[in-house]
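Visitor: I'd like to go over a predicted model; first the sequence, then the structure.
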Amino acid sequence: MNTRRRAKIVATLGPASSDPDTVLGLVTAGLDVARINFSHGDENSWRQAVDSVRRAQTESGKPVAILGDLQGPKIRIGAVPEGTEITRGEQVDIIVGSDASASREAGCLTVSCNYAALVDEVQVGGRVYLRDGELDLLVEEIHGNRIRTTVRGGGLLTARAGLHAPGAGQQLPAVTNQDREHIGFAVRHGFDFLALSFVRSALDLAEAGAAVHAAGGEIPFIAKIETISAIDDLQEIIAVSDGVMVARGDLGVEVGPAEVPVLQRRIIDAAGRALLPVIIATQMLESMVQRQRPTRAEASDVANAVWDGADALMLSAETAVGRHPAEVVAMMDDIIRRAESGDAGRAAVAHPIELKADAARTIAVAVAAAVEQHPQVKAVIVFTISGRSGRLISHVRLPVPVLVLAPDDTTLQRLALMWGVQPRHCPPPTDIDRMLREVEQAAVETLDLTPGDQIVLTGGFPLGQGEPTNFLKLHRIP
């Protein structure tokens, strides 16, 4: 079995996993990217999570990225008494443009909704879903600002639960005022990535990017693909994104569960061709919120995402509120390693890099050729300032370890998301001899290589000056 995992693990921090000791346990178990979900918690809890991640990074010596997940234009219901249940056949009235508390009279539950245009975007006979699709309502009548529905699939209804109706939400802003506050927090606290929820078009990413610039920052954006509009505009969205996330929960509500695996493969392929990392999210090991072991179907889901070519797999409630956060990460780590081993693992999906007037792209292709043509090569080591060479080489899916050396913590943290890349801090070398000493030390300490092993070395020359990648060297450890 492979000793080095290549697909990365994203885990959500929350009440069960934000304290320093637990976060260190997550990192030790295999966490690469810590997700902070701005839909839950407050600035104090988020600040604690950020501090815990950076402390764990210092103690472990392992770069860890922080991903902030913006709420985006999500439709929600208002206050609901704790323990409210709705049952099949019951009537539920939705009063739009209101924030009144829920009430129940004569067998009909009345709830409020913060989105007034919903009455224009649903139709009689259509469906309204609550709590990420767990509760299913059939629209029976629409009168003024009241939508009368009948429960088709019941369960527990919680306050501020998300409301979803296929095609609804078109009049909501891509970046809400609350999102702008959260962007400011992310900029001030050095987040490495931001994820934008409910992306509908490439224009949404442009608006989000402008909000980051207005806050004085420069943070890469992950586009969450979870609406039909995003599928229709997929190529344009990919063209302006720094990565994508297949958010299977809301996407499944929009298109139906049977279509999600097909779209997952399609999105992975499209992002791969554009050389963007892809995160697969939602219910990957959901049963481990309560249990210590996943179901066999969940283990297969994780493995299939690896075989589809995903760069990273994400845990949500499993680590945010689950009983065994570190054990969940360790389990996902184990499943990924096993999926990557043997014949199935060797068939990693390489992404063709289109050659342009770009030295870094040319070098990335040459590195892949060198590894293929020289079976004795044990590893690839990349010197970088910006991290671009490491990101490109990630996409050629090399069968050997890729160690990326960089002097900047932000560069290293952002590389933590990239498939097959091991980031390590290294001061910028000033001459060839020092570079070779750094390479040999890193190869022995981090990759467990031994004298006589051959590696591929690449970077930009002159050294340490931020030059684009322009050299490749076959080097044998003396």
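Guide: Nice, thanks for sending it over. Residues are numbered from 1 along each chain as shown.

Visitor: show me where pLDDT drops low in the stretch 351-478 of the chain?
Guide: Along the stretch 351-478 of the chain, the parts satisfying pLDDT under 70 run over 355, 357, 463-466.

Visitor: no wait, the chain
Guide: 1-3, 343-349, 355, 357, 463-466.

Visitor: who's in contact with the longest helix along it?
Guide: The residue-count maximum for a helix in the chain (DSSP state H) belongs to helix 43-60. Outside helix 43-60, the residues that touch it by CB atoms under 8 Å, 6 or more residues apart in numbering are 13, 15, 18-20, 22-24, 26-28, 34, 36, 38, 41, 63-64, 66, 185, 189-191, 413. To be clear about C-beta, it is placed using only N, CA and C from the backbone, and glycine gets the same treatment.

Visitor: which of those fall within helices?
Guide: Using DSSP H, those in helices are 20, 22-24, 26-28, 185, 413.

Visitor: how far out from the middle of the chain is the one helix or strand residue 440 maps to?
Guide: Element membership for residue 440 (DSSP states H and E) is helix 432-447. How far helix 432-447 lies from its chain's middle: 32 Å, per CA atoms, centre = their mean, to the nearest Å.

Visitor: got the buried residues for it?
Guide: 435-436, 438-440, 442-443, 446-447 (16 or more other CB atoms under 10 Å).

Visitor: closest one of those residues to residue 454?
Guide: residue 443 (10.2 Å; CB to CB).

Visitor: phi, psi of the residue lying farthest from the centre of the chain?
Guide: The centre of the chain is farthest from one residue, residue 106, which by CA atoms, centre = their mean lies 44.7 Å away. The phi and psi values for residue 106, taken as degrees, to the nearest 10, are phi 50, psi 40.

Visitor: follow-up on the earlier one: give me the angle between the longest helix of the chain and helix 20-29.
Guide: Here helix 43-60 runs at an angle of 50 degrees relative to helix 20-29 (axes from the mean of the first three to the mean of the last three CA atoms, to 10 degrees).

Visitor: secondary structure class for residue 245?
Guide: At residue 245 the chain is in strand, as set by DSSP: H, G, I helix; E, B strand; the rest coil.

Visitor: please report the distance of the residue nearest the centre of the chain from residue 193.
Guide: Closest to where the C-alpha atoms of the chain average out (CA atoms, centre = their mean) is residue 279, at 4.3 Å. According to CB to CB, to the nearest Å, residue 279 stands 10 Å off from residue 193.

Visitor: okay, and the common contacts of the two?
Guide: 222, 243, 417.

Visitor: list the helices and strands the helix or strand containing residue 298 packs on?
Guide: Assessed by DSSP H and E, residue 298 sits inside helix 296-308. Helices and strands touching helix 296-308, by 3 or more CB pairs under 8 Å, 6 or more residues apart in numbering; DSSP states H and E, are helix 260-273, strand 312-315, helix 325-340.

Visitor: mind giving me the ChimeraX select for the ones in helices among the contacts of helix 43-60, buried ones only?
Guide: In ChimeraX syntax, the buried subset of those is picked out as below (16+ other CB under 10 Å):
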select :20,22,23,24,26,27,185,413
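
Visitor: biggest separation within the ones in helices among the contacts of helix 43-60, which pair?
Guide: Going by CB to CB, the pair spanning the ones in helices among the contacts of helix 43-60 furthest: 28 and 185, at 27.2 Å.

Visitor: now do the contacts for residue 184.
Guide: Here residue 184 is in contact with residue 215 (CB under 8 Å, 6+ apart).

Visitor: which stretches in the stretch 101-250 of the chain count as helices?
Guide: Remark: helices assigned in the stretch 101-250 of the chain by DSSP state H, counting those that start in this stretch are 118-121, 177-188, 202-214, 228-232, 234-239, 248-255.

Visitor: rebuild these as a markdown table, extending it with distance to residue 90.
Guide: A markdown table is the format used below for the helices of the stretch 101-250 of the chain (distance: least, CB to CB, whole Å):
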| stretch | distance to residue 90 |
| --- | --- |
| helix 118-121 | 20 |
| helix 177-188 | 32 |
| helix 202-214 | 36 |
| helix 228-232 | 29 |
| helix 234-239 | 38 |
| helix 248-255 | 20 |
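
Visitor: give me the distance between residue 286 and residue 26.
Guide: For residue 286, the distance to residue 26 - CB to CB - is 18 Å.

Visitor: what do you get for residue 275?
Guide: Residue 275 is 29 Å from residue 26, by CB to CB.

Visitor: check residue 197 too.
Guide: Counting by CB to CB, the gap from residue 197 to residue 26 is 23 Å.

Visitor: before we move on, back to that, what's the most buried one of the helices of the stretch 101-250 of the chain?
Guide: helix 248-255 (a mean of 22; mean count of other CB atoms under 10 Å).

Visitor: can you tell me which of the helices and strands packed on helix 296-308 is most buried?
Guide: strand 312-315 (a mean of 27).

Visitor: correct me, but residue 166 touches residue 228?
Guide: Yes - using CB atoms under 8 Å, residue 166 is in contact with residue 228, at 6.7 Å.

Visitor: overlap in contacts, those two.
Guide: Contacts common to residue 166 and residue 228, judged by CB under 8 Å, 6+ apart, are residue 254.

Visitor: what about residue 115, distance to residue 48?
Guide: In terms of CB to CB, residue 115 sits 32 Å off from residue 48.

Visitor: who has more neighbours out of those two?
Guide: A direct count of neighbours by other CB atoms under 10 Å for residue 115 and residue 48 places residue 115 higher, at 21 against 16.

Visitor: run a quick neighbour tally on the closest residue to the more buried one other than its chain neighbours.
Guide: Distance criterion CB to CB, 6 or more residues apart in numbering; nearest residue to residue 115, sequence neighbours excluded, is residue 75 at 4.5 Å. Applying other CB under 10 Å, we find 20 residues neighbouring residue 75.
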